[in-house]
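1. how would this look folded up:
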Amino acid sequence: MDSVEHFEAKDLLQLTLLVAGFIIVFATLTLLVRGQRGLLGALLAIAALALLVYWANEVRVALKGGAEGIPKEVDEQWIYDMIRRGKELLFIAEVPGPEEEVRISVRGRAIEVFGGGGFHRIVKLPKRMRLSDSSYLNGVLKAKLEEDERKVESAHDARG
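-> The predicted structure is shown next:
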């Protein structure tokens, strides 16, 4: 509970600073437009306006809960490949370790991959497949799958 309150206080402080910056830039912009009517005043007003737009965007991001600045789609990107060889399918994927936590299971037309740090992904398969072999080395999971007409579920530790 304390960590949640800590993050809320941090976000509130960040939001307050952003709003204060917004007000300062707006006031500076107003003074520049009134006081400087030449080219320098126009350039300074444009720079202040650009800063104002930047801060407005930061306030919007902070209010949406993404104050860390890390896009969520980056976390969800995952590199894997499926290579078909006749009735076999080779599945290769980057999976975070440690090796003891890496598991793979096949259920019907889906392959389920587990890794370290709560990593869990599901990939749809083109056909009903059966897991025949798997290995894990240096963060790369390799699994051989074969076509299967039976309704059997299979699971393997990636250690073989």
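2. could you give the mean pLDDT of the helix or strand where Ala93 lies?
-> Ala93 is located in strand 88-94, with elements delineated by DSSP states H and E. The average pLDDT for strand 88-94 rounds to 93.
3. tell me what it is packed against?
-> strand 80-85, strand 140-147 (3 or more CB pairs under 8 Å, 6 or more residues apart in numbering; DSSP states H and E). Just so you know, the C-beta spots here come from the backbone N, C-alpha and C atoms, and that holds for glycine as well.
4. got the buried residues for that strand?
-> In terms of neighbour count (16 or more other CB atoms under 10 Å), strand 88-94 has its buried residues at Leu89, Phe91, Ala93.
5. using a markdown table, lay out those residues together with distance to Leu13.
-> Shown next, in a markdown table, are the buried residues of strand 88-94 (distance: CB to CB, whole Å):
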| residue | distance to Leu13 |
| --- | --- |
| Leu89 | 52 |
| Phe91 | 46 |
| Ala93 | 40 |
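6. out of these, the closest to Gln77 would be?
-> Ala93 (12.2 Å; CB to CB).
7. let me see the contact set for the closest one.
-> By CB atoms under 8 Å, 6 or more residues apart in numbering, the residues touching Ala93 are Trp78, Ile79, Tyr80, Asp81, Val113, Arg121, Val140, Leu141.
8. from those residues, pick the one nearest Tyr54.
-> The shortest approach to Tyr54 among the contacts of Ala93 belongs to Trp78, at 31.8 Å (CB to CB).
9. any idea how far the closest residue to Arg103 other than its chain neighbours is from Leu13?
-> Excluding the flanking residues, the one nearest Arg103 by CB to CB, 6 or more residues apart in numbering is Phe114, at 4.3 Å. The gap separating Phe114 from Leu13 is 38 Å, by CB to CB, to the nearest Å.
10. these two: which is more packed in?
-> Taking neighbours as other CB atoms under 10 Å, Phe114 and Leu13 compare with Phe114 leading, 17 against 10.
11. and the more buried one, what are its phi and psi?
-> Phi and psi for Phe114, reported as degrees, to the nearest 10, are phi -120, psi 140.
12. ok, the nearest residue to Asp81 once chain neighbours are set aside - contacts?
-> With sequence-adjacent residues excluded and distances taken as CB to CB, 6+ apart, Asp81 is closest to Ile92, at 5.0 Å. Going by CB under 8 Å, 6+ apart, Ile92 touches Tyr80, Asp81, Met82, Ile83, Val140, Leu141, Lys142, Ala143.
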